[in-house]
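Undergrad: Quick one, what's the 3D model for this:
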Amino acid sequence: MAKEELPGVLILDIGGTHGVLENIAALLRKHFHLITMKEFLESKEEMSKKIQSVFVFECRPTIDRELLESLPNLKVIGNSGVGVDHLDLKMISSFGVKVTNTPHAVADSTADIGMALMLASARRLVEGNVLNFSG
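TA: Have a look, this model is predicted:
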């Protein structure tokens, strides 16, 4: 499929402080024509018609009424995290746009960290480490 035939996905940026990680961008490129927020704002009229999805990474880009009104072909907002509390689901659905997320993506990692913290607390590992190196 040619680049222009792929559905457009709006992302904040690639790399940098708040952009999509390079490896995630590479995966997205297999299925989407990536459009950064900068590219979108530079040629809003042309790009707005191409964008069918927004990929929200670390709560960015911000999804507000103005953005939704400027994307007439938007079908879905994909959130890369578990929670969607940073998204106004009622407002988004009023535009006929679906929202997805990754509810179980970090469940195992969260459980592992929780267990590690409980074991470290029970065995006083942090205190022992401080004593070990303070002396």
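
Undergrad: Run a quick neighbour tally on the closest residue to Arg65 other than its chain neighbours.
TA: Spatial nearest neighbour of Arg65, chain neighbours left out: Met91 (6.3 Å); criterion: C-beta to C-beta, 6 or more residues apart in numbering. Yep, even glycine has a C-beta here, placed from its N, CA and C like the rest. Neighbourhood size, Met91 [other C-beta atoms under 10 Å]: 13.

Undergrad: Could you do Pro61 as well?
TA: By other C-beta under 10 Å, neighbour count at Pro61 equals 19.

Undergrad: cool, Phe55 as well?
TA: Phe55 has 21 nearby residues by other C-beta under 10 Å.

Undergrad: pLDDT score for Lys98?
TA: If you check Lys98, the pLDDT there is 98.

Undergrad: what separates the most centrally placed residue in the chain from Ala120, distance-wise?
TA: What sits nearest the mean C-alpha location of the chain, by C-alpha atoms, centre = their mean, is Phe57, with 1.9 Å. Using C-beta to C-beta, to the nearest Å, one obtains 31 Å as the distance from Phe57 to Ala120.

Undergrad: ok, now Leu6?
TA: According to C-beta to C-beta, Leu6 and Ala120 sit 47 Å apart.

Undergrad: Comparing those two, which residue is more hemmed in?
TA: Using other C-beta under 10 Å as the criterion, Leu6 and Ala120 rank with Leu6 on top: 17 against 14.

Undergrad: How about the contacts made by that one?
TA: His31, Phe32, His33 (C-beta atoms under 8 Å, 6 or more residues apart in numbering).

Undergrad: who wins for most neighbours among those?
TA: Those, ranked by neighbours (other C-beta under 10 Å): first place Phe32, 21 neighbours.

Undergrad: returning to that earlier point: and the residue nearest to the centre of the chain, what are its bridge partners?
TA: Per DSSP bridges, the residues bridged to Phe57 are Arg60.

Undergrad: which residues touch it?
TA: Per C-beta under 8 Å, 6+ apart, neighbours of Phe57: Ile11, Leu12, His18, Gly19, Val20, Leu21, Ile24, Ser80.

Undergrad: Give the PyMOL command for selecting the buried subset of the residues you listed.
TA: The PyMOL command for the buried members of those (criterion: 16 or more other C-beta atoms under 10 Å) is given here:
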select buried, resi 11+12+19+20+80
